[in-house]
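Peer 1: Just need the structure, nothing else, for what follows:
(chains A, B and C)
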Amino acid sequence: MKDIISLFFAYARTGLKTRFQYKLDSVISTFAVFFREAAGIIAMYLALLKFDTINNWNIDELLFLFSLIFITYGIFIVFFMALRDFSDWIKHGDFDRVMLRPRGLLTQLVLCGADWLAAFGHGTLGIILFIISANRVGIQWNFGMAVYYIVVVISGVLIQGAVFLFFSAISFYVVETNSLKEIFYWNMRKFAVYPLSIYNKFIQSILIFVVPFAFVNYFPAQFFLRKADMAAYPEWMMYISPIVGIVLYILAYAFWRFSLRYYKSTGN
Amino acid sequence: MSTYLQFAVIKFRNKMAYRFDYLLGILNTLLSFVVYWSIYKALYGGASEVDGVTFSMVTTNFIISLGLSSAFYKNEMFLQDKIKQGTIANELLKPVNFKLRMLFEDVGEGAFNVAFNFLPTVVIAAFFANLSAPSSVLNVLLCLVSVVLGYIVLWQISFIVQSWSFWLFNVWGLITIKNVFVNILAGAYIPMWFMPDWLRNVIRFTPFASIYFTPVQLYLGELQGWDILINFARQLLWIVILYVIGEFCWRRGIKKLVVQGG
Amino acid sequence: METIIDVNNLCKTFKIHKRGTGFKGAVKNIFHPTYEYKKAVNNVSFSIKEGEMVGFIGPNGAGKSTTVKMLSGILYPDSGDITVAGYVPHKQRKEYVADIGVVFGQKSQISWDLSPLDSYEVIKHIYKIPDKKYKENLERFTELLDMGKFINQPVRQLSLGQRMRADIAAALLHSPKIVFFDEPTIGIDVVGKDKIRKFIKMLNQTDNITMIFTTHDMQDIEKTCERLIIIDDGKKLYDGSLENVKKGYVSSRIIEAEFESLPITLDLPRTEISDVENNAMKKLISFNTDEVSVNELMTALMNTHNIKDVSIREPEIDAIIRDIYEGKIVMN
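Peer 2: Here you go, the predicted model:
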């Protein structure tokens, strides 16, 4: 474990060093990520000045909901960026090098690929949203609540990690997976930012059963907020995010291991 | 002129080559629309109108801004890539106006996106979303003219930011920030009607109002008589102002390139 | 000497997606993809002894890279056995790769924006190289590869040759027993190539490292290896001493000449004239010095034609392979 941590820091050091070769650019890029992600929130804030609530969620409650998406993505990008961009790794022949090193393949991919600036942009946004909203949404914070919050954040990271682990496994068969990611992750994420209950049944089912973003923010947030629209779903869904995360990750991992032997090394 | 049209045609044809991508592209555009459509459906909560704005007007606003942004959807790192790779010098030696060429290539790509991405999306969206019919044929024509002008405004803003790559290592961040401003202030994320009054008053004095909102208003017949002309005049004025700024940045950039040698 | 690499009946087939043409083809493809199969490596066997240095040559797409990728554990073979240093590479990848080093000429393993030294630090962590060994190796390679001047500079500022040297050092820091070089001199100037070849040769001799060297530059092989394996179209064509091949290869020559007028007629034994792309006045004349001396050929040319320009080309692998097919080179 100690060895893994020291490897993580060795990668992190070089990663940051690379980015800080271009200091001004790094600052602007980080801010741009922050601002881009905040855009939807700003638009929502402006709209709620006129409409007050959306499906009975007020702006503070929405910010709490948003915060889970951004915090989990901020952490996700520290550990899963190489998997997010895995088809590029294959295309450029970088995965060959990973295979030539005496460490676990996923260990290397998870430890080495952090985009620290984007992580900082998303993470900061998430934390700011959390700080603004956490005391204004009427949660009686106690130790148990705090622990569950941390648990759902980790689950959220695992769920998104698992989704990309699936995509990476598919890259072993067909290298070009960008369109898949666009549809099944990025578009779904656009939906997931807002309360699940505003969508029609079809989109809801996708967000619950296919790309289970609902367990990244909506159901966990309901655990803390207990909004009326939760009545449409079984109550236990508020509690199963960790199970969804772990099960999904194990399935994705098994599929990834199985698919590895089909790696064609088409790089260069 | 025919040379430049050729650039547009080639770009259009190149896009044709990736046939499988369009199906996915349509799905992408449709889903982006559905997000905002769902949000406003929930915000309206069944109400027929809010502040005199009907839900179908809101839907129309999103469709038109979606159409324009899909026409504009392009690789905004183009100029930076040319500068970084050092091929810009060769490009400038060719006997074509580089800026016009860029514009026409983008128009070609945009035409493709409108024909194969936006229009199919509208057809599908029409099945479930209640779109407003245009108030008259004349309004459709006025809207189309204004869409073209709005496109040029959008293009020039992008060109100005892109031209900063002569000085900056990477303009990705600035382009992203610019796009946030355009999406919010021009009304792609929130229709202009629902913005707080103070913000709307500020936007009136920026080029952003000339991008999506003028075409939307013309389509819906919200503008009459002099207002139509004033809005066209405003679009034209911004085109001129942005052209001057763009040309200034471009010339300074080229000069820097020549002095320092790429 | 003990056998360290043992390969038996190795096969690897790739499935290639055949794209249809035109709109109809594209649509058909979505519902009914068609594939074709390419035997990249077809029943190849060989064994290599510890400390040997073997050149692996063949034209592009012959299967040498695929073979090296299977040897290094990157690719699963379809059938056949590989044992290297007691491991089955694709099954015991993690343990096995700690003992090997791989240099890809086309794909650097050191970061573009960092100095070689920064990348070495990470490599040290990945391979868990003990401090003392790391320091020793680093000092030694810095000196031998003459990297002192640039080891602290960002890689993007280095020349191709310097970068390659830095890359070779990166692959050796953990003291591997076997090193694979995949086209390590590609694109590098003559002086740079020479430095690299000398270093590789020296290391093979002093450290007794087993080396496999793929290239399509015959000079690389000539300067470094004693044994040669030639691969063409997925099959092993030749496996034997370099000496044996050299005889045939040294005597075949190509002259590139630009003439002032056409046509060209030459009445000499076993001399062939072929066209050069993009220039009708330029011709390639291939001949064999066993039959016609350079002197004879030049005299014949000068007497009958006006020549604008002339140069002698390196014989290419294709010529050697042709000689093997024609039975002029026999395995010994």
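
Peer 1: contacts and neighbour counts: CA atoms only from here.
Peer 2: OK.

Peer 1: residues from the stretch 1-150 of chain B in reach of chain A?
Peer 2: B:21, B:24, B:27-28, B:31-32, B:35, B:38-39, B:41-45 (CA under 8 Å from any CA of the partner chain).

Peer 1: let's go with 6 Å and repeat that
Peer 2: Residues of the stretch 1-150 of chain B lying close to chain A (CA under 6 Å from any CA of the partner chain) are B:Val35, B:Ser38, B:Ala42, B:Leu43.

Peer 1: does the last one really touch A:Ile54, like I thought?
Peer 2: It stands for B:Leu43. Yes: with contacts counted by CA atoms under 6 Å, B:Leu43 reaches A:Ile54, the gap being 5.1 Å.

Peer 1: residues near the closest residue to chain A within the stretch 151-300 of chain C, how many?
Peer 2: Per CA to the nearest CA, C:Pro154 is where the stretch 151-300 of chain C lies closest to chain A, at 9.7 Å. Neighbour count for C:Pro154, taken as other CA atoms under 10 Å in any protein chain shown: 18.

Peer 1: thinking again about what came up before, which of the residues of the stretch 1-150 of chain B next to chain A lies at the shortest distance from C:Asn303?
Peer 2: Set against C:Asn303, the nearest of the residues of the stretch 1-150 of chain B next to chain A by CA to CA is B:Val35 (82.7 Å).

Peer 1: that older thread, need the residues of the stretch 1-150 of chain B next to chain A in TSV with distance to B:Ile211 and neighbour count, can you?
Peer 2: Shown next, in TSV, are the residues of the stretch 1-150 of chain B next to chain A (distance: CA to CA, whole Å; neighbours: other CA atoms under 10 Å in any protein chain shown):
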residue	distance to B:Ile211	neighbour count
B:Val35	21	20
B:Ser38	24	19
B:Ala42	26	19
B:Leu43	25	22
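
Peer 1: and these, which of them are in helices?
Peer 2: Within those, residues falling in helices by DSSP state H are B:Val35, B:Ser38, B:Ala42, B:Leu43.

Peer 1: residue contacts, the last one?
Peer 2: What that stands for is B:Leu43. Contacts for B:Leu43 were tallied using CA atoms under 6 Å, 6 or more residues apart in numbering or on different chains; they are A:Ile54.

Peer 1: Kindly recompute the last result at 7 Å.
Peer 2: B:Leu43 is in contact with A:Phe51, A:Ile54, counting by CA atoms under 7 Å, 6 or more residues apart in numbering or on different chains.

Peer 1: now swap in the first one and tell me
Peer 2: The contact partners of B:Val35, taken as CA under 7 Å, 6+ apart, are A:Phe191.

Peer 1: what do you get if the cut-off is 10 Å, keeping everything else the same?
Peer 2: A:Asn187, A:Met188, A:Lys190, A:Phe191, A:Ala192, A:Val193, A:Tyr194, A:Ile198, A:Tyr199, B:Lys41 (CA atoms under 10 Å, 6 or more residues apart in numbering or on different chains).

Peer 1: buried subset of these?
Peer 2: Burial by neighbour count, judged by 16 or more other CA atoms under 10 Å in any protein chain shown, picks out A:Asn187, A:Met188, A:Phe191, A:Ala192, A:Val193, A:Tyr194, A:Ile198, A:Tyr199, B:Lys41 from the contacts of B:Val35.

Peer 1: Would you format those residues as TSV with pLDDT, secondary structure and distance to A:Phe70 included?
Peer 2: Listed next are these as TSV, based on pLDDT from 0 to 100; DSSP: H, G, I helix; E, B strand; the rest coil; distance: CA to CA, whole Å:
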residue	pLDDT	secondary structure	distance to A:Phe70
A:Asn187	86	helix	15
A:Met188	90	helix	14
A:Phe191	92	helix	14
A:Ala192	92	helix	11
A:Val193	91	coil	9
A:Tyr194	94	coil	12
A:Ile198	95	helix	20
A:Tyr199	95	coil	21
B:Lys41	93	helix	25
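
Peer 1: can you tell me which of those are up against chain C?
Peer 2: Filtering those for proximity to chain C by CA under 10 Å from any CA of the partner chain leaves nothing.

Peer 1: Which residue lies nearest the spatial centre of chain A?
Peer 2: A:Tyr73 (3.3 Å; CA atoms, centre = their mean).

Peer 1: Determine the three-state secondary structure at that one.
Peer 2: Under DSSP: H, G, I helix; E, B strand; the rest coil, A:Tyr73 falls in the helix class.

Peer 1: on that earlier part again, which residues are common contacts for B:Leu43 and A:Ile54?
Peer 2: A:Ala47, A:Leu48, A:Ile198.

Peer 1: which element is the second one on?
Peer 2: Taking DSSP states H and E as the criterion, A:Leu48 maps to helix A:23-51.

Peer 1: Distance from that helix to the middle of the chain?
Peer 2: The chain centroid and the centroid of helix A:23-51 are separated by 18 Å under CA atoms, centre = their mean, to the nearest Å.

Peer 1: secondary structure element for A:Val78?
Peer 2: Using DSSP H and E, A:Val78 falls in helix A:59-84.

Peer 1: for whatever helix or strand comes next after that helix, packing partners?
Peer 2: Counting by DSSP H and E, the element after helix A:59-84 in chain order, helix or strand, is helix A:86-91. Judged by 3 or more CA pairs under 10 Å, 6 or more residues apart in numbering or on different chains; DSSP states H and E, the packing partners of helix A:86-91 are helix A:59-84, helix A:94-99, helix A:143-171.

Peer 1: wait, does the shortest one contact chain C?
Peer 2: Yes: in this structure, helix A:94-99 sits against chain C according to CA under 10 Å from any CA; the contacting residues are A:Asp94, A:Phe95, A:Asp96, A:Arg97, A:Val98, A:Met99.

Peer 1: dump the residue contacts of the second one.
Peer 2: Put plainly, it is A:Phe95. A:Ala82, A:Phe86, A:Ser87, A:Asp88, A:Trp89, A:Leu105, A:Leu109, A:Tyr263, A:Ser265, A:Gly267, C:Ile74.

Peer 1: is it true that the first one touches A:Leu105?
Peer 2: Translated: A:Ala82. No: shown here, A:Ala82 and A:Leu105 do not form a contact pair, counting by CA atoms under 10 Å, at 11.2 Å.

Peer 1: the more surrounded of those two?
Peer 2: Neighbours were counted for A:Ala82 and for A:Leu105 using other CA under 10 Å; A:Ala82 has more, 25 against 16.

Peer 1: For that one, which non-adjacent residue is closest in space?
Peer 2: The spatially closest residue to A:Ala82, leaving aside those adjacent along the chain, is A:Gly113, at 4.7 Å (CA to CA, 6 or more residues apart in numbering or on different chains).

Peer 1: Looks to me like C:Ile273 is in a strand.
Peer 2: Yes: according to three-state DSSP, C:Ile273 belongs to a strand.

Peer 1: Tell me what the nearest residue to it once chain neighbours are set aside is bridged to.
Peer 2: Distances taken as CA to CA, 6+ apart place C:Ile285 nearest to C:Ile273, at 4.6 Å, with adjacent residues excluded. Counting by DSSP bridges, C:Ile285 is bridged to C:Ile255, C:Ile273.

Peer 1: any idea whether C:Ser261 is helix, strand or coil?
Peer 2: coil.

Peer 1: possible to save the helices and strands packed on helix A:86-91 as CSV with mean pLDDT?
Peer 2: Converted to CSV, these look like this (pLDDT from 0 to 100):
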stretch, mean pLDDT
helix A:59-84, 94
helix A:94-99, 92
helix A:143-171, 95
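
Peer 1: Tell me which of these sits most buried.
Peer 2: Stretch with highest mean neighbour count among the helices and strands packed on helix A:86-91: helix A:59-84 (a mean of 25; mean count of other CA atoms under 10 Å in any protein chain shown).

Peer 1: how far off helix A:23-51 does it point, in degrees?
Peer 2: 140 degrees (axes from the mean of the first three to the mean of the last three CA atoms, to 10 degrees).

Peer 1: what packs against helix A:59-84?
Peer 2: So helix A:59-84, by 3+ CA pairs under 10 Å, 6+ apart, packs with helix A:23-51, helix A:86-91, helix A:105-112, helix A:116-134, helix A:143-171, helix A:188-192, helix A:218-225.
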